[in-house]
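*Asks:* What would the 3D arrangement of this be:
(chains A and B)
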Amino acid sequence: MQNKRTVFVCQGTGCLSTGSGTVYEALKAEVERLGLTDVEVDFTGCHGFCEQGGLVVVEPESIFYTHVTLDDVPEIAASHLRDGNPVERLFYRDPATGRAVPRYHEINFYKKQQRIILRNCGRINPEKIDHYIANGGYRALEKVLREMTPEQVIEEVKKAGLRGRGGAGFPTGRKWEFGRNAVADRKYVICNADEGDPGAFMDRSVLEADPHAAIEGLIIAGYAIGANDGYIYVRAEYPLAVKRIRIAVEQARAKGFLGKNILGSGFDFEVHMKEGAGAFVCGEETALIASIESRRGMPRPRPPYPAQSGLEGRPTTINNVKTLASVPIIIDRGADWYASIGSEKSRGTTVLALSGKISNSGLVEVPMGTSLSTIIFDIGGGIPRGKRLKAVQTGGPSGGCIPAKIPDTPVDYETLTMVGSIMGSGGMVVMDQDTCMVEVARYFLSFTQAESCGKCAPCRLGTKQMLEILTRITQGRGQESDLDTLLTIARTVKECSLCGLGQTCPNPVLSTLRYFRSEYEAHIKKKTCPANQCRLLRRKTASRT
Amino acid sequence: MGNSVNSEIDIGRIKAIVEECKGQKWALIPVIQKIQNEFGYIPPAAIPVVAKGLRLFPSQIQGVISFYAQFYTKPRGRQVIRVCRGTACHVRGSEALLDLLEERLKIKEGETTPDMEYTLETVACIGVCALAPNVVVSDRVHGQMDAEKMEQLLKKGES
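*Replies:* Presented below is the predicted three-dimensional model:
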């Protein structure tokens, strides 16, 4: 068995779009045709490096093939799997040096990451619970049910310093404590997998590649607060994640991790799936609850907080996918270990979805407090085509733009808020000199305006007003007074809106005005777009990609 | 998926779906999702049937349908083209792709071609940002799209 090799073909949404489904089938057939009995062909979920897809990894030697298509299958099978000569032309090429890098862990993109939440992503078959168990899965659940009281579980999570990965960063242990202390005949826990931020795809990746991690975390959360029912609310735009969760739930039930009297502990827990229907605002917890209850997904004022009155009016604890996926490993390896990672107020790691004008686009997990420049240049490989970094947008439509002049900004909750952005869900879109910052603000406002549910006036009217002004500016029809008006509206919407959508949607406007005011002024006064992006203001000679 | 406009709506089937889901908690959205999966859209004739079965007002059902972007009350084309308008796609030129499709198919976003072949839509983000810009055609994701690849896809769809 020692020489047995496994070929993992990535079957995440990204790789599948490059045809990795047929690669997987063809490779299986080819290995069989060549009679390679010591080779097993299997698949994984998303590695978070979709840009290089289709990805094929050969273990245990960790050879990492990129851009694999159907035509490459015979060569991989014959040359590498049969004759032992890896196919060099399919190796990853370092964007800076052009050098071919054969192994997974030697690639800068992976080497400088610390993968805790994504620990199993791309390493196990997400549709086989045995793979998850073999990697330490459900060990934490056993420990919790056999050795720990709910209070001890909460204490451990508190000690670890885990904070909500959905964006707001609320301490998870305290949230659980509220849930624990609430008195009711029935309580609920919800896994929020309504990853609506455009530019964020880490929850998709976790659910596609390691669904059991979130499920195990949800069961532990249920035990800690005293809930017997958990809901996973997934957005409908992620069909593959939905499918893999369903499979995982069935398998967990078959193994006795779900259902009545789990592992003989007397604790009962059931997981239910709910699919969203395309409403961004449903990521907000009260709207999400309304949507699970089959109502219009509109937020309501808090208090009462869901911890007191949520689903069915009963105490409900809501955690993000990544928060829950962090729980099993915290229990397994201990709070002290987890608390030793990251920065003082933000413990552990954060997963960022690096995209936009960057060489290595993908999911990056780093300790909290890692500097922006490390993420963009060391891991992300810098800006392609010799262009200059202009700004980094974090936190999606609720976040802001951080200018290139402060590249040493550590990425954690407090610092990002201080510079006018937010951690948010972890989307990180890199912008170069060709990106117009006014247009970026207009783009985000067009998104939030369309997604505003219309319940409260500041958000409903304010987003519309801001969008109109921004559109006018990008079309060269801006007026001198526009910037002051924009600021006034933005502040009003921020202060007066009912829910997080409205309270944060002015951030893209406020932060671009703070750091890139001259670009706004150029549009208004000189009727030019310095980045040469705005269509109506474009210089005639320029050609764009 | 996608019955043509003129075919009769099988009310019996809608009743069966309601019956099947009725027992579960908060059945309305699952019922609507099932109807849409089967018929390709939610036929207006289904609303009173669902209302009766779930003991709700038709207006409540209409309210839920109109709230969510992914519930449709009109039949859609045999192929649904969805242009991702997420941030990464936007930064890498998805707006131009949408313009191109509108021009090529002679319909606007949200519309269906008269021959019921294509429906053109946008989607907020499909989470395949690393391959931006993305276009989804009949549930298949096509990454790193450009004008040329888009043209090839349309030609393939027509043949």
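*Asks:* Spit out the contact partners of the closest residue in space to A:Leu537 that isn't next to it in sequence.
*Replies:* Of all residues not flanking A:Leu537 in the chain, A:Cys529 sits nearest, at 4.2 Å (C-beta to C-beta, 6 or more residues apart in numbering or on different chains). All C-beta atoms are positioned from the backbone trio N, CA, C, and that covers glycine. For A:Cys529, the contacting residues are A:436, A:438-439, A:474, A:519, A:522-523, A:537-538, by C-beta atoms under 8 Å, 6 or more residues apart in numbering or on different chains.
*Asks:* Around chain A, pick out the residues from chain B.
*Replies:* For chain B, the residues in contact with chain A (C-beta under 8 Å from any C-beta of the partner chain) are B:26-30, B:32-33, B:63-64, B:67-71, B:85-93, B:123-132, B:134, B:139-143.
*Asks:* which of those residues are buried?
*Replies:* For the residues of chain B next to chain A, a neighbour count by 16 or more other C-beta atoms under 10 Å in any protein chain shown gives the buried set as B:26-30, B:32-33, B:64, B:67-71, B:85-93, B:123-132, B:134, B:141-143.
*Asks:* Point out where chain B drops to low pLDDT.
*Replies:* B:1-7, B:158-159 (pLDDT under 70).
*Asks:* Going along the chain, name the strands of it.
*Replies:* B:79-84, B:118-123, B:135-137, B:140-142 (DSSP state E).
*Asks:* For A:Ala140, find the nearest of those.
*Replies:* strand B:140-142 (33.9 Å; C-beta to C-beta).
*Asks:* and that closest one, what does it pack onto?
*Replies:* helix A:13-17, strand B:135-137 (3 or more C-beta pairs under 8 Å, 6 or more residues apart in numbering or on different chains; DSSP states H and E).
*Asks:* what would the ones you listed look like in a markdown table with distance to B:Ile11 and mean neighbour count?
*Replies:* Listed next are the helices and strands packed on strand B:140-142 as a markdown table, based on distance: least, C-beta to C-beta, whole Å; neighbours: other C-beta atoms under 10 Å in any protein chain shown:
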| stretch | distance to B:Ile11 | mean neighbour count |
| --- | --- | --- |
| helix A:13-17 | 36 | 28 |
| strand B:135-137 | 32 | 21 |
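*Asks:* now the strands for the stretch 301-450 of chain A?
*Replies:* A:316-320, A:349-356, A:362-367, A:389-394, A:400-403, A:427-432 (DSSP state E, counting those that start in this stretch).
*Asks:* Of those, which is nearest chain B?
*Replies:* The closest of those to chain B is strand A:349-356. By C-beta to the nearest C-beta, the value is 3.7 Å.
*Asks:* which ones are touching the most centrally placed residue in chain A?
*Replies:* The centre of chain A sits closest to A:Met202, judged by C-alpha atoms, centre = their mean, with a distance of 2.4 Å. Each residue near A:Met202 by C-beta under 8 Å, 6+ apart is listed here: A:48, A:117-118, A:195, A:321-322, A:351-353, A:363, A:425-426.
*Asks:* give me that answer again for 10 Å
*Replies:* A:Met202 makes contacts with A:46, A:48, A:117-118, A:121, A:165, A:195, A:320-322, A:325, A:350-353, A:363-365, A:425-427, B:127, as judged by C-beta atoms under 10 Å, 6 or more residues apart in numbering or on different chains.
*Asks:* So for whichever helix in chain A runs longest, what gets flagged as buried?
*Replies:* Ordering each helix of chain A by length in residues (DSSP state H) puts helix A:457-474 first. Residues A:458-460, A:462-463, A:465-467, A:469-474 are the ones in helix A:457-474 that count as buried (16+ other C-beta under 10 Å).
*Asks:* Can you tell me which of these is nearest B:Ile47?
*Replies:* Looking at the buried residues of helix A:457-474 and their distance to B:Ile47, the nearest is A:Arg460, at 26.3 Å (C-beta to C-beta).
*Asks:* State the distance from that closest one to A:Leu498.
*Replies:* Distance of A:Arg460 to A:Leu498, computed by C-beta to C-beta, to the nearest Å: 10 Å.
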